[in-house]
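In: below are the sequence and a predicted model for it; my questions follow.
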Amino acid sequence: MKKAVVASLLAVASVASCARIAVAQAPASAGSNAQQAGGGVTLPPAEYNDYTAAIGQSTPQTQAPALEAYLTKYPQSQVKADVLQRLMLAYSQFDPAKTLDTADRLLQVEPNNMRALTFETYFRSQNADKLTDATAKQAEYDKAADFAQKGLSAPKPEAVSEEDFNKLKSAAAPVFHRTIAADALGKKDGATAVTHLKESLSSVPEDQTKVPGLLLQDTYTLAQAYYQSTPPDLLNCAWYGARAASFAPEPYKSQMMPLAKYCYKKFHGADDGFDAVATASQATLNPPADFASSVKPAPSPADIVKQVLAGTPDPATLAISDKEFILQNGTPEDAAKVWDTVKGKTVQFPDATVVSVSDTALQVAVSDDAVQSKTADFTFNLAAPLKTVPAAGDKVTVTGTYDSFTPQPLMITMSNGATVEKKAPAKPAAARRPAARRR
């Protein structure tokens, strides 16, 4: 009888190129004849030889089929969990689908296996990101988040030291927390998302949160979560959004900074002071205790309405976002002043963001507020069925006539709605051949 060395549960998990988890497996220690090691399991000689041959393969691509063959030959092996774990790690280098399948098999043997729970969480979250159907996407996030919750509460195996288990759990923690946060955001649960994103960021040294990658993305997602909280936490949105944008390379910097500026201006009422906030956010992950008292809040909505109307002799010249603000927050008399400037007029909005579409109506986001919150502020009742039906998130040019509005929640209804089809670029005129010269 010989003893097989069962692989340690300890692994250092990291995300490479935002595409997979690379797990560095602790090397198996062995004596001169590879027969003894701490925690060894006794195997018959023939099985031991097959085991050592399978785990000794030099590449993941050759090790995986060898381990599969071993499991087929010895389905009730004493080292089945160890072999499945090694197989899962091998597949993780080149086949996400088989990684998940093997993780499922391993969890049937060891329901609290930390590595398997990490892979289940990570790859299912990646699968959810790729889905376009909202219901299917949320369902896959729900599955990933369920594995993440199990990973966070998994008990320490008796055979693993406290130090080794804490290292493994710390490496997996950001994966678990950001997945639960993504699942919560899909359900409009900003508070839960905030809690878990802060846990993700606090689980690593602060300097790591400055490096472009998933932790910096967590910082930006935290800003989004604060914005989506009820009520929105605009100052924290501005702080974490500015920090993420400050350390992000282009083009991501330009994509992240608008949310930070938007939240700051929404809270303060103007852009002044934002650059100082952005600079301060680079020095520390979390805002100082006196941050909220250091930024003066904007005037109340009623005060803003009065200021805007007092400074605008002709309300028709107001930007669409300002008109919507007055329709929502002004007195009936103030709202009427704005509505009278547009009622019955036919207009065209380029680059409106599609929120939903049916056979008879198209709902879109037009103002900055609506685009940021991904909610519709206009309903275009269609004059005729659309020739080309856009998908949610598409940018379209829409035309229609102002018909009515409701202030809370704001919805402006347009009649005679239609989309403006993009014209194909004109083909250049064919060059004319010169007339033949007479001799």
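Out: Okay, I see it.

In: all the helices of the stretch 51-200 of the chain, residue numbers only.
Out: 60-73, 80-91, 96-109, 114-130, 134-153, 162-186, 190-202 (DSSP state H, counting those that start in this stretch).

In: now the strands for the chain?
Out: 2-4, 11-16, 20-25, 41-43, 346-357, 361-365, 378-382, 395-406, 411-419 (DSSP state E).

In: to Asp351, which of the helices of the stretch 51-200 of the chain lies closest?
Out: Comparing those against Asp351 with CB to CB, the closest turns out to be helix 134-153 (22.3 Å). All C-beta spots, glycine's among them, are computed from the backbone N, C-alpha and C.

In: what angle sits between the closest one and helix 162-186?
Out: 160 degrees (axes from the mean of the first three to the mean of the last three CA atoms, to 10 degrees).

In: list of residues touching helix 134-153?
Out: 112, 114, 117-118, 120-122, 124-125, 127-128, 131, 172-173, 175-177, 179-180, 182-184, 186-187, 392 (CB atoms under 8 Å, 6 or more residues apart in numbering).

In: picking that back up, okay if I get the strands of the chain as CSV plus mean neighbour count and mean pLDDT?
Out: Shown next, in CSV, are the strands of the chain (neighbours: other CB atoms under 10 Å; pLDDT from 0 to 100):
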stretch, mean neighbour count, mean pLDDT
strand 2-4, 20, 40
strand 11-16, 16, 33
strand 20-25, 18, 35
strand 41-43, 15, 87
strand 346-357, 16, 95
strand 361-365, 21, 96
strand 378-382, 22, 97
strand 395-406, 17, 96
strand 411-419, 19, 96
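
In: do you know how far the closest residue to Gly186 other than its chain neighbours is from Lys188?
Out: Excluding the flanking residues, the one nearest Gly186 by CB to CB, 6 or more residues apart in numbering is Gln138, at 4.8 Å. The spacing between Gln138 and Lys188, counted by CB to CB, to the nearest Å, is 11 Å.

In: which one of these two has more residues nearby?
Out: A count of neighbours by other CB atoms under 10 Å puts Gln138 above the other of Gln138 and Lys188, at 15 against 10.

In: state the distance from that one to Ala223.
Out: From Gln138 to Ala223 the distance is 22 Å (CB to CB).

In: also Lys266?
Out: Counting by CB to CB, the gap from Lys266 to Ala223 is 13 Å.

In: show me which of the two is the more surrounded one.
Out: Shown here are Lys266 and Ala223; by other CB under 10 Å, Ala223 has more neighbours (26 against 18).

In: so what's the more buried one closest to, chain neighbours aside?
Out: Using CB to CB, 6+ apart, the nearest residue to Ala223 is Gly241, at 3.5 Å.

In: what sits against the one you found?
Out: With contacts defined as CB under 8 Å, 6+ apart, Gly241 is in contact with Tyr220, Ala223, Gln224, Met256, Met257, Leu259, Ala260, Cys263.

In: also Leu382?
Out: Asp359, Thr360, Ala361, Leu362, Gly417, Ala418.

In: so in this structure, where's the weakest helix or strand by average pLDDT?
Out: strand 11-16 (a mean of 33; mean pLDDT, DSSP states H and E).

In: from Leu152, how far out is the nearest residue to Cys237 once chain neighbours are set aside?
Out: Nearest residue to Cys237 in three dimensions, chain neighbours excluded: Cys263, at 3.7 Å (CB to CB, 6+ apart). The spacing between Cys263 and Leu152, counted by CB to CB, is 29 Å.

In: which one of those two has more residues nearby?
Out: In this view Cys263 and Leu152 are compared by other CB under 10 Å, and Cys263 has more residues nearby, 27 against 17.

In: run through who's touching stretch 352-370.
Out: Residues outside stretch 352-370 that contact it (CB under 8 Å, 6+ apart): 262, 320-321, 324, 349, 371, 373-382, 385-386, 389-398, 417, 419.

In: endpoints of it, how far apart?
Out: End-to-end distance for stretch 352-370, by CA to CA, to the nearest Å: 10 Å.

In: same question for stretch 379-398.
Out: Termini of stretch 379-398 sit 10 Å apart (CA to CA).

In: centroid residue for this structure?
Out: Ranked by distance to the mean C-alpha position of the chain (CA atoms, centre = their mean), the top residue is Ala182 at 5.8 Å.

In: wait, Val282 touches Ala248, no?
Out: Residue 282: Gln, not Val. No - under the contact definition of CB atoms under 8 Å, Gln282 does not touch Ala248, with a separation of 11.7 Å.

In: between the two, who's got more neighbours?
Out: Neighbour tally, Gln282 and Ala248, criterion other CB under 10 Å: the higher count belongs to Ala248, 20 against 12.

In: now the more buried one. Nearest residue, chain neighbours left out?
Out: What sits nearest to Ala248 in space, not counting adjacent residues and going by CB to CB, 6+ apart, is Met256, at 5.6 Å.

In: for Thr419, same thing?
Out: Nearest non-adjacent residue to Thr419 (CB to CB, 6+ apart): Val396, at 5.1 Å.

In: could you do Thr230 as well?
Out: The shortest distance from Thr230 to any non-neighbouring residue, by CB to CB, 6+ apart, is to Gly190 (6.7 Å).

In: contacting residues around that neighbour?
Out: Applying CB under 8 Å, 6+ apart, the residues contacting Gly190 are Ala184, Ala225, Tyr226, Tyr227, Gln228, Ser229, Thr230.
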